[in-house]
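J.: prediction below, plus the sequence it came from.
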Amino acid sequence: MGSAIKLVTNGVTVATFRPEDARDEVDIVIRYFPQFRTLDELDVLKIQTPAGLMPISNFVTRKPGAKVGKIERVDGRQVLNLRADVVPGALVADQINNIRTALPKLNLDPRVSLKFKGEERDRQESMIFLMQAFLIAIFMIAIILVTQFNSFFSTGLVLSAVVLSSVGIFIGLLVHDMAFGIVMGGIGVIALAGIIVSNNILLIDTYDLLIGQLKNPTLAQYRDVIIRTCIQRVRPVILTKLATILGLLPMMFGINIDFVNVEMTMGAPSTQWWRLLSVCIVYGVLFASSLTLLVTPAALMWRAMRRTKNGQTLRKGSRTQTFISGGS
C-alpha cells in the first residue's frame, strides 16, 4: 500500500543511474502523470489483494493531518523515535525513572507501547551479562571450594564473605559521592570476589591442617588452633590486601603517571574510566579484611562450639569459662 501511494505522490525509486558527465548517481523514480497525482486519485487507487485489485477507499479512511516527513515502521507498526540528552551532572537512570513515573499521567492511547533504547538498553544488557558472569563465577568457586574443603560450611563461609564485602563497595561510593556504574562496578565486584576467596582459603586451609593433627580436640584446643591460624596467616592476608590497595590508590585518586615523558597529572581522562573500578576494589578489600580476620575465625569457633558437648568447661589458670553449644 505504501508503494502504491508513492506513485501518486513523490514516486517509487526503482534503480539508480550515473551519467557519463556526472560523479553522483541519479535516482530512477516511477510515478503517475501530473493529472493523476491528486487527492481524488487516492480514493480510486487500486492495489493488489488476495481477492484481486481493490480500491484502498474500501478499507482506508483519509483524514487531513500534520505533515510527516517520514514514517518508520517496525514489524508493521508505526514507530516514532524520541531522542534527548541529560543535563550535566544528572544520571540517565534517574531520568528514566522520572519518565516512567510520569507516563501513566499522560493518558496515552492503550495501543501505544514505549521502549527505552540508547544508554538505557545498553545498561540493561550489561547488567544481565555481568549478573550471569557473577553467578557463573560464584558457582565455579563453590564447586572448587567443596572439592577442596569437603565441607559445605567452609564453602558457605567463604561465599558469604563475598556477598558481605559488597557493603564496603557502597561505603566507598558514599564517601566519594559516586554513582554505581553497571559495567565498571560489576567488574569490580567480580574482581573483589577473587581476592576475598583467596584470603579466606589461606585461613580456612591452615585451620583444617592444624585441626587435622589433633584427635578428638576439645573446645580449648579448637580455640588455640583458631588463634594460631590467625597469627600465622595475618601477615600474608594483610600484605596481599595492602599490595592491592597501594597499587590502586593512584588510579582511585585520578593520578596519571607518564613514564616516557616523566610527568604526573591529576584527573586525566584516562583515569576517569577506571576510577569507579578502583574505588570498588579498594573499599571492598578494606571491608573484607575485618570479615577475614574477625568474622571467619568467629564462625569457625561457633562451629567448634556446636561440635563439642553441651556445657564443656574451659580452664585457663584459675579461671573457668563455660560454653554452651549453639548458644549465647
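T.: Looks like it came in fine.

J.: just how off-centre is the helix or strand hosting Ala137 within its chain?
T.: Per DSSP states H and E: Ala137 is located in helix 119-149. Distance, stretch centre to chain centre, for helix 119-149: 10 Å (C-alpha atoms, centre = their mean, to the nearest Å).

J.: and it, what does it pack onto?
T.: Contact analysis of helix 119-149 by 3 or more C-beta pairs under 8 Å, 6 or more residues apart in numbering; DSSP states H and E lists helix 92-102, helix 152-164, helix 182-211 as its packing neighbours. C-beta: built from backbone N, CA, C; applies to glycine.

J.: quick one: whichever helix in the chain runs longest to helix 182-211, angle?
T.: For the chain, the helix reaching the highest residue count under DSSP state H is reported as helix 219-252. Interaxial angle of helix 219-252 relative to helix 182-211 (axes from the mean of the first three to the mean of the last three C-alpha atoms, to 10 degrees): 150 degrees.

J.: what's downstream of helix 219-252, the next helix or strand?
T.: strand 255-258.

J.: just checking, next helix/strand downstream of that following strand?
T.: Taking DSSP H and E, what comes next after strand 255-258 is strand 263-266.

J.: direction included, what does that following strand pair against?
T.: Using DSSP bridges, strand 263-266 pairs in its sheet with strand 255-258 (antiparallel).

J.: rounded mean pLDDT for the longest helix of the chain, please.
T.: Averaged over helix 219-252, pLDDT sits at 84.

J.: who are the packing partners of it?
T.: Under the contact criterion of 3+ C-beta pairs under 8 Å, 6+ apart, helix 219-252 touches helix 182-211, helix 269-290, helix 296-307, strand 312-316.

J.: can you add mean neighbour count and give those back as a markdown table?
T.: Below are those laid out as a markdown table (neighbours: other C-beta atoms under 10 Å):
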| stretch | mean neighbour count |
| --- | --- |
| helix 182-211 | 19 |
| helix 269-290 | 20 |
| helix 296-307 | 17 |
| strand 312-316 | 12 |
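
J.: of the ones you listed, which is nearest Gln35?
T.: helix 182-211 (60.4 Å; C-beta to C-beta).

J.: got the helices and strands packed on helix 219-252 as CSV, with mean pLDDT and distance to Leu53 columns?
T.: What follows is the helices and strands packed on helix 219-252, written out as CSV (pLDDT from 0 to 100; distance: least, C-beta to C-beta, whole Å):
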stretch, mean pLDDT, distance to Leu53
helix 182-211, 81, 55
helix 269-290, 79, 61
helix 296-307, 84, 81
strand 312-316, 42, 98
